[in-house]
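> Need the 3D shape of this:
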Amino acid sequence: MAAVLAVALVVSVVQWLLAHWWVLLAAGVLAALAGGGWLHQRQQRVRWEAVRAQGLRYGLAQLDALHYSRFEDAVRDLMRRDGCQNATRVGGGGDLGADVKATDPYGRRWVIQCKHRRNGLVGTAVGTPDLQVLNGTARQVHGADVAVIITNGRVTAPAVAFAKQQRLHVVDRHTLGAWASGSRPLWELLRTVPPPREPTGPTRG
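A predicted model of the protein is given here:
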């Protein structure tokens, strides 16, 4: 009985729709309009995100005021601004020294450790132990071509010396300020960055 009733209901609905075909037409038009509206909004959001990313700027005071996790987000967004479309924040428990990972337009893999200091220059300086963690995991664990530590604070002289010895890159407060508030990608502000993995890439001014 249930099957018979179901078939009868389906037949009745089909007959009603055939008699009132304009309902199907109206529903189709409404669905098309709704779909078109959703697609347009999505395209607008994508365009806006692209424009926002191209014009992304941070002042040092803004960066100082961030929570450390939002500081990592800011570094990720700046890498995306510079053309690293796959830049991802991976910081957290068990990150093994990597807070942000990215691949630049030249194919180089970046591993970035972020050290946010609430008090900026008067906060605790980044020292050699912080660089040792990065040095121990960036290439061996994460496959980095470019290993970087970024801070809005100070870096000790021994840490800077260790970084040079181990081919690590240090972005201190001064370099961070120039990068975050300008339009030049980070690789143009650092010395002795490895050559591109790919033969060509976009130029940035």
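
> Over to stretch 135-151 now: how far is its first residue from its last?
16 Å (C-alpha to C-alpha, to the nearest Å).

> Stretch 58-68 too?
End-to-end distance for stretch 58-68: 15 Å, by C-alpha to C-alpha.

> Quick one: the helices in the chain, in order.
2-19, 21-54, 60-64, 68-81, 128-137, 157-165, 173-181 (DSSP state H).

> Adding mean pLDDT and mean neighbour count, write those helices out as TSV.
Where C-beta positions appear, they are placed from N, C-alpha and C, glycine not excepted. As requested, the helices of the chain are exported to TSV (pLDDT from 0 to 100; neighbours: other C-beta atoms under 10 Å):
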stretch	mean pLDDT	mean neighbour count
helix 2-19	78	9
helix 21-54	71	10
helix 60-64	96	16
helix 68-81	95	20
helix 128-137	94	18
helix 157-165	96	15
helix 173-181	96	17
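
> okay, these in a markdown table with distance to residue 150 next?
Output for the helices of the chain, formatted as a markdown table (distance: least, C-beta to C-beta, whole Å):
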| stretch | distance to residue 150 |
| --- | --- |
| helix 2-19 | 63 |
| helix 21-54 | 18 |
| helix 60-64 | 10 |
| helix 68-81 | 6 |
| helix 128-137 | 11 |
| helix 157-165 | 12 |
| helix 173-181 | 6 |
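
> how far away is residue 72 from residue 86?
16 Å (C-beta to C-beta, to the nearest Å).

> now residue 110
Taken as C-beta to C-beta, the span from residue 110 to residue 86 is 10 Å.

> Identify the contacts common to the two.
102, 103 (C-beta atoms under 8 Å, 6 or more residues apart in numbering).

> And for residue 63, nearest residue in space, chain neighbours not counted?
In space, and not counting its chain neighbours, residue 63 is closest to residue 152: 5.0 Å by C-beta to C-beta, 6 or more residues apart in numbering.

> List the contacts of the one you found.
So residue 152 contacts 60, 63, 64, 71, 116, 117, 120, 173, 176 (C-beta under 8 Å, 6+ apart).

> try 6 Å this time
The contact partners of residue 152, by C-beta atoms under 6 Å, 6 or more residues apart in numbering, come to 63, 64, 117, 120, 173, 176.
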